[in-house]
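Colleague: Give me coordinates for this.
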Amino acid sequence: MSRKARAADVHAICSALPEVELGTSWGDRPTYLVRQKPKPRGFVLARAPRHDAVDPTTGEEFCDLLVIRTANADDKAALVEAGGPFFTIDHFRNYNAVLLQQSRIGELDVEELREVLTDAWLAVAPRSLARRLLAGELS
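Modeller: Model (predicted):
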């Protein structure tokens, strides 16, 4: 049985995927990027607190959100509707990504987190690189 995931597992999992670098996007936000031309593409982003993502019980802006890409709207809906820690907001209505509070990562086990983050990587990675990973050619 897999242990509960921790916030540090995000870095370990993302960094272990092929052609990944930790950079920035949306100004200065730490972002895991897949290196590719013409420019890297992000798949996990630490989102800055904003007025459009607030805790429904306290009204406080979430300060520990990750934006995690999904392959499509169906994958996004499946994660959000599963009753787990993933959610979305109106700002992301037409964008294939879910939100996850880092403080709720422990609701997932490491393998669940690895699957979601790998799927996020697959959503933005070049097709040839993704095929090689899925075929087991890359470690």
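Colleague: Tell me the pLDDT of Met1.
Modeller: Listed pLDDT for Met1 reads 64.
Colleague: Residue numbering should commence at 10 henceforth.
Modeller: Noted, 10 is the first residue going forward, which turns the last one into Met10.
Colleague: all strands of the chain, in order?
Modeller: Applying DSSP state E to the chain gives strands spanning 29-34, 38-43, 50-56, 74-78, 95-96, 106-110.
Colleague: Distance to Ala134 and mean neighbour count for those - can I get that in TSV?
Modeller: (Glycine included, C-beta is placed from N, CA and C.) Formatted as TSV, the strands of the chain follow (distance: least, Cβ to Cβ, whole Å; neighbours: other Cβ atoms under 10 Å):
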stretch	distance to Ala134	mean neighbour count
strand 29-34	9	14
strand 38-43	5	20
strand 50-56	8	21
strand 74-78	10	23
strand 95-96	21	20
strand 106-110	15	21
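Colleague: Columns mean pLDDT and distance to His20 on top of these, output as TSV?
Modeller: Below are those laid out as TSV (pLDDT from 0 to 100; distance: least, Cβ to Cβ, whole Å):
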stretch	mean pLDDT	distance to His20
strand 29-34	94	8
strand 38-43	96	8
strand 50-56	96	10
strand 74-78	98	11
strand 95-96	96	19
strand 106-110	97	14
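Colleague: Check whether Leu126 really touches Val43, as I assumed.
Modeller: No - with contact defined as Cβ atoms under 8 Å, Leu126 does not reach Val43; the gap is 11.9 Å.
Colleague: Which neighbours do these two have in common?
Modeller: 26, 52 (Cβ atoms under 8 Å, 6 or more residues apart in numbering).
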